[in-house]
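# pasted the sequence and its predicted model underneath.
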Amino acid sequence: MKTLDQIAAELQGYDPNALPADAVDEFLSRLVEPLTQTERVGLFDALDRVLAADLIAPLNVPPHDNSAMDGYAFAGSQLRAGQDLRLRVVGTAYAGAAWQGEVGPGQCVKIMTGAVMPAGLDTVVPVEFTRSEGETVTLPAGCVQPGDNRRLLGEDLMAGQPALLAGSRLGPAALGLIASLGLAEVAVWRRPKVAFFSTGDEILSLGQAPREGAVYDSNRYTLFGLLTRLGVEPIDLGSVKDDPASLEAAFRRAAAQADVVISSGGVSVGEADHTKAIMKQLGDVAFWRIAMRPGRPMAVGRLQQEGRSALLFGLPGNPVAVMVTFLAFVRPALLRLMGARQAQPLRVPALSQEAVRKKPGRTEFQRGIASRALDGSLQVRSTGSQGSGVLRSMAEANCLIRLDHEQGKVAIGDRVELLLFDGLI
Ligand SMILES: Nc1nc2c(c(=O)[nH]1)N[C@H]1C(S)=C(S)[C@@H](COP(=O)(O)OP(=O)(O)OC[C@H]3O[C@@H](n4cnc5c(N)ncnc54)[C@H](O)[C@@H]3O)O[C@H]1N2
Ligand code: MOO
């Protein structure tokens, strides 16, 4: 395990007082190592977990050639260009049991969607394309081609081939895919435990009476939501007063039971803040000023407690900064810890509906409302006030507009990049 100083020495031009967002990504990718313990869980418990090993299909899906339509199965070699085909119906194949009879030339079998294709037959004509008279059906010229409407054995998954790769995050489709292989359990990485708490003397817990100079703790609730959506095990440690004894107890308690500790507040330069001193005392911690807005101050490192080491993210106190630093840095780090292959969120291009003032030299995340323009392209406007205490701007938004480090001002119609909240938070 490398120390923070060793990692810093590996990075060119590392300056903790003006760290570009890309350098933070690079730093964290070297700091965070995936958890090593795996477990087997039932499929209902596997949602949002990360697959620990390649999943090899133990059988073919579908297990047999079958019909994609309700209609008539027949040998496609009998089709002649420009000619109707008349066939005699000699039986009915239902889904669930293979039809066993013989089918000769000029004959067909009535077949249901999903039913096994009778031996020797390779084509299905949907019932609505045909004319039926008593025991015969007529297929009008050109209504199907040989091989149409037949689903091939193994066309979804072939036995022996990987169905899902290690590091895949299991969504609803993956759960269904695993179930389609007849597997009731799957090997996943252990869920990281993430302890979180808020710091600050001005922070009121819900239920406390309002008082002058105090604000209600919102960060714990957004962090709870972000962590829960991500599929880690959140451990709420409440809000902690800004005195050394309370802070030390909170950080020790957190580090003793969690893989990751997330605090909010106290990482800037304020005089009352004891947070940084305690973090330093309990572990190997770097204090950064990131070239980013919001989310400039942030502490990152490891806390040592009772012979174990927990990752630490000391997020800035401002509520929007908490969410932005979480999405930009903590979420990818947690995904890496969870063993996920794809850790960085997808960035989607969109056209800006507004001009934006921006100087090169820092990454900015504005709260955006993305929508579809009349011509079908994706467009975005900001939610208005972008203050890093204005949580309403985050609640109204459906995306973050990410303005790159090098980017200068944005004109109406310029291309910007979005992190869409759908699937992200
Ligand atoms: N001289 C400087 N002052 C500040 C700088 C700076 O670079 N130089 N950076 C500013 C930036 S940017 C941020 S962000 C904040 C971060 O400061 P802290 O991490 O020390 O956070 P606090 O001072 O404790 O709180 C900031 C702000 O957020 C409110 N807050 C805190 N926790 C919660 C919570 N759980 N729920 C709701 N609101 C919370 C707190 O009341 C403050 O208003 O520093 C700037 N200052
Ligand atoms: O992190 Mo602060 O919120 O950049 O304003």
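Thanks, I have the structure now. Ligands and ions are numbered 1, 2, ... in the order given.

# where in the stretch 251-400 of the chain is pLDDT low?
By pLDDT under 70, the stretch 251-400 of the chain has no low-scoring segment.

# how about the residues of it by ligand 2?
Residues of the stretch 251-400 of the chain lying near ligand 2 by CB under 6 Å from any ligand atom: R293, P294, G295, R296, P316, N318, A321, S388. Glycine gets a C-beta too; all of them are placed from N, C-alpha and C.

# for the fourth one, give me its contacts.
So that's R296. Contact analysis of R296 by CB atoms under 8 Å, 6 or more residues apart in numbering lists S268, R289, I290, P316, A321.

# could you find the closest non-adjacent residue to the third one?
Think I290. Once flanking residues are discounted, I290 sits nearest to L19: 5.0 Å by CB to CB, 6 or more residues apart in numbering.

# distance of that neighbour from ligand 2?
Applying CB to the nearest ligand atom, to the nearest Å, the value for L19 to ligand 2 is 13 Å.

# on that earlier part again, just the ones in helices from the residues of the stretch 251-400 of the chain next to ligand 2, please.
A321 (DSSP state H).

# top of the residues of the stretch 251-400 of the chain next to ligand 2 by neighbour count?
Within these, G295 tops the neighbour count with 27 neighbours, counted by other CB atoms under 10 Å.

# can you give me the helices for the stretch 201-350 of the chain?
219-230, 244-257, 275-282, 319-325, 331-337 (DSSP state H, counting those that start in this stretch).

# okay, now the domains of the chain?
4-37+191-337, 40-61+155-189, 66-151, 348-420 (automatic domain parsing).

# could you pull up the residues touching the residue lying closest to L28 once chain neighbours are set aside?
Leaving aside its chain neighbours, L28 sits nearest to A333 (4.9 Å; criterion: CB to CB, 6+ apart). Residues in contact with A333 (CB under 8 Å, 6+ apart) are L28, L31, V32, L311, F313, A343.

# the fifth one: what's it in contact with?
What that stands for is F313. So F313 contacts V260, V261, I262, S263, M298, A299, V300, T325, F329, V330, A333 (CB under 8 Å, 6+ apart).

# if we can go back for a sec, now distance to A249 too, for the residues of the stretch 251-400 of the chain next to ligand 2, in JSON lines please.
Shown next, in JSON lines, are those (distance: CB to CB, whole Å):
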{"residue": "R293", "distance to A249": "33"}
{"residue": "P294", "distance to A249": "29"}
{"residue": "G295", "distance to A249": "27"}
{"residue": "R296", "distance to A249": "28"}
{"residue": "P316", "distance to A249": "22"}
{"residue": "N318", "distance to A249": "25"}
{"residue": "A321", "distance to A249": "25"}
{"residue": "S388", "distance to A249": "29"}
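
# so which residue of this structure comes closest to ligand 1?
In the chain, the residue that lies nearest ligand 1 is G317 (2.4 Å; CB to the nearest ligand atom).
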